[in-house]
Every structure is written in structure tokens, then in C-alpha cells.
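Chemist: coordinates for the following, if possible.
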Amino acid sequence: MLGTRILVALVGIPLLLGAAYLGGWWFLLLVILLAFTGLVEFYHLAACLKLKPLVPAGITGGLMFVLLAYLNKGMVAWLGAGLTVGMLLLFLALFPRLAAADVAMTFLGSWYVGGLMAYLPLLRLLPGGTGALILTFLLTWANDTGAYFCGRIFGRRHPWPKLSPGKTWAGAIGGLLVTVGVAKVLGPLLLPALNSWQLAGLAILTAIAAQAGDLIESGFKRQAGVKDSGWLLPGHGGILDRFDSLLLVAPVVYYYLVFFLPKME
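Modeler: The predicted model follows:
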């Protein structure tokens, strides 16, 4: 299993970093492909929960978040409002055949997968965005790797046994320390506009967001009664299994840079 995970990572990591470096439509198309697959997986989880989301509407809304965020160089508030109104009107038109829970799950999928993944191309569009995006990937992977190995070696206490039995305090602390270490070493090269303290703050927030994102998807899977969200990545599961941490990390890093470093170049 570990060998398969490493093999997939050796193929996938250069692909992601290469697309991030190229930016533009190359990276946008990759994100759209990831978002589409993630949305399909999410609505499969919803079906396992005996819900009946409006899958075509949810996928369309999620992909529109990615595309319009890129074209407008920022999240467009009217799309969220329009999607909400549209879903509510469908609920009204199809009542009582369409349950409120199905409408809510449809909208949640669009936001959770498409809306959060839209922050990846937005990071690339920031000044210094190439370094910001690559560092975002590296910090997320550093946390996941540190948590995995530290948890396996030192893990004894399991703070969330019902949510994610494999998670340990040792893994959480190890992921945080490795993330801070990577930020200290590679941060000055990729984001020279940030000082040492700002990089440390970014690393801490990234580690917290990454671990929260992982736990959130674990909760979805546990309630749905499945081990993995999909099968696309051997040894990793599906796209949501591999990108669950990044879904929360991307907006955290984006707003950290936008609000705290508005003059970053």
C-alpha cells in the first residue's frame, strides 16, 4: 500500500507543480478536472447517505465557481446568491418530490468542492502567485506526510476515535512541526515578501486547516459508510481523499496573503 502511494505521488506531484508553474489555462483546466471528479465523488457520498441531490445542477454550479473566480480574479458573490435562489426555486417547483435535505446537499457540494477549489487558481493570480501556490502545495503535503509517519511511529492517543480512529495527537503535532520546518526552509525562496514570523503564522494556519479538512471528509465518509470517496488514485482513494486538506488550506492561505499582506509583490 505504501509503495503504491509513493508511486502515485511521484507521478502526481510533478504534474501539479508543473501546472502550477505554467499557470493560466493549463492550471485552470487541471483544477476544473479535479473539481469535476471531486463533485462526482461528493454526490456519490450523498447517495450513500440515501439522499438524492440534483447532481447536474450541483456539478454545474461547482464548476462555475472555479471558472468565474478565475475570470473575475476573485470570488463572485452573485454566483452564490444565484445558486441559492435557483435551488430554492427548484425546491418550490418540484415540491414535494424534492426534499429540503437534497437541496441543501446539492448546494453544499457546489460550495465545498467547487467553491473551495476555486481558490487554487486565485492563489496563482496573486502577485507572487507562483511561489504562493507552490508553497501552499508543499505545506499541505508536509503536514499530511508528517502526520502520517509521526502518527504511525509515535501515535498512542486518539482524540477522535469515532470520527477518524487513525488520527493521533502525535500525528497532529508531527504534521504541525514538519509544516513549520518546511515553511522556514522553503518559504524565503518561494515567498520572499514574508518575514520569518509571517511564514511561521502561515505554516501554523495551514497545518490547522489541513487537519480540519481531513477530519471533515472523514466525517462525510464515516456517515456514508465508505472507506474512500473514490478509486481514481491507487493507494490514496479518490480526489477528495487526496485533496481534502487542500480544500480548506487554499482559502486560508489566500485570505492570509490578501488581508495581511496587501502589498506583497
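Chemist: for P159, give its distance to F36.
Modeler: Relative to F36, P159 is positioned 34 Å away (Cβ to Cβ, to the nearest Å). Heads up, the C-betas are built off the backbone N, CA and C, glycines and all.
Chemist: is it true that L199 touches P188?
Modeler: Yes. With contacts counted by Cβ atoms under 8 Å, L199 reaches P188, the gap being 7.4 Å.
Chemist: give me the more crowded residue out of those two.
Modeler: L199 (22 against 14; other Cβ atoms under 10 Å).
Chemist: show me what the one helix or strand the more buried one maps to is packed up against.
Modeler: Taking DSSP states H and E as the definition, L199 sits inside helix 196-224. Helix 196-224 sits against helix 24-48, helix 129-154, helix 169-190, helix 239-260, with contacts defined as 3 or more Cβ pairs under 8 Å, 6 or more residues apart in numbering; DSSP states H and E.
Chemist: buried residues in the third one?
Modeler: Using 16 or more other Cβ atoms under 10 Å as the test for burial, helix 169-190 gives 170-180, 182-183, 186-187, 190.
Chemist: so what's Y119 up against?
Modeler: Under the criterion of Cβ atoms under 8 Å, 6 or more residues apart in numbering, the neighbours of Y119 are A69, A250, P251, V253, Y254.
Chemist: max pairwise distance over the residues you listed: which two?
Modeler: Using Cβ to Cβ, the two most remote members of the contacts of Y119 are A69 and V253, lying 14.9 Å apart.
Chemist: would you turn the contacts of Y119 into JSON lines with neighbour count?
Modeler: Converted to JSON lines, those look like this (neighbours: other Cβ atoms under 10 Å):
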{"residue": "A69", "neighbour count": "24"}
{"residue": "A250", "neighbour count": "27"}
{"residue": "P251", "neighbour count": "19"}
{"residue": "V253", "neighbour count": "26"}
{"residue": "Y254", "neighbour count": "23"}
